[in-house]
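Novice: starting from these lines, generate the structure:
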Amino acid sequence: MKVRKVPQRKCLGCGEMKEKKELIRVVRSPEGAVSVDKTGKKPGRGAYVCQSRACAAKAISAKALEKALGVKLSAEVCAKILEELAE
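Specialist: Modelled structure (predicted):
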């Protein structure tokens with residue numbers, strides 16, 4: 001039986017490679033709206049951060065999320081992302 005590879009993604013906050021299912025996906029939809037995608041299935045450009053609030057805050061402050069998603073993030077969107085990761 002063939003062994004399947006586990007998908008790996010890089011966290012934008014800490015820079016560590018982790019399994020895809022351990023990370024949270026932040027997605028920019030085709031319409032341009034940015035949201036947290038806990039299922040990992042929403043259409044659009046995605047970026048990954050750890051489930052910790054500290055990694056998300058670091059990715060936002062370093063503008064890594066803006067670069068990865070290709071969109072300017074407003075303060076309201078950043079607060080919403082941090083709020084959803086706290087849950």
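Novice: quick one: the helix ranked longest in the chain to chain centroid distance?
Specialist: Using DSSP state H, we find that the single longest helix of the chain is helix 75-86. Distance of helix 75-86 from the chain centroid (Cα atoms, centre = their mean, to the nearest Å) equals 12 Å.
Novice: now do stretch 62-81
Specialist: On the basis of Cα atoms, centre = their mean, stretch 62-81 sits 10 Å off its chain's mean C-alpha point.
Novice: same question, stretch 28-36
Specialist: Distance of stretch 28-36 from the chain centroid (Cα atoms, centre = their mean) equals 12 Å.
Novice: now the helices for the chain?
Specialist: Using DSSP H, helices in the chain cover 53-61, 64-69, 75-86.
Novice: could I get these as TSV with distance to residue 3?
Specialist: For glycine as for every other residue, the C-beta is placed from the backbone atoms N, C-alpha and C. Output for those, formatted as TSV (distance: least, Cβ to Cβ, whole Å):
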stretch	distance to residue 3
helix 53-61	29
helix 64-69	30
helix 75-86	32
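Novice: select, out of these, the one closest to residue 44.
Specialist: Nearest of the helices of the chain to residue 44, taken as Cβ to Cβ: helix 64-69 at 8.7 Å.
Novice: in the closest one, what counts as buried?
Specialist: 64-66, 68-69 (16 or more other Cβ atoms under 10 Å).
Novice: pLDDT score for residue 52?
Specialist: Here the pLDDT value assigned to residue 52 is 88.
Novice: ugh, typo on my part, it should be residue 22
Specialist: Residue 22 is given a pLDDT of 91.
Novice: any idea how many residues pack against it?
Specialist: As a burial measure, residue 22 scores 13 neighbours (other Cβ atoms under 10 Å).
Novice: need the contact list for it.
Specialist: Residue 22 sits next to 50-51 when contact means Cβ atoms under 8 Å, 6 or more residues apart in numbering.
Novice: one more: residue 51?
Specialist: 22-24, 85.
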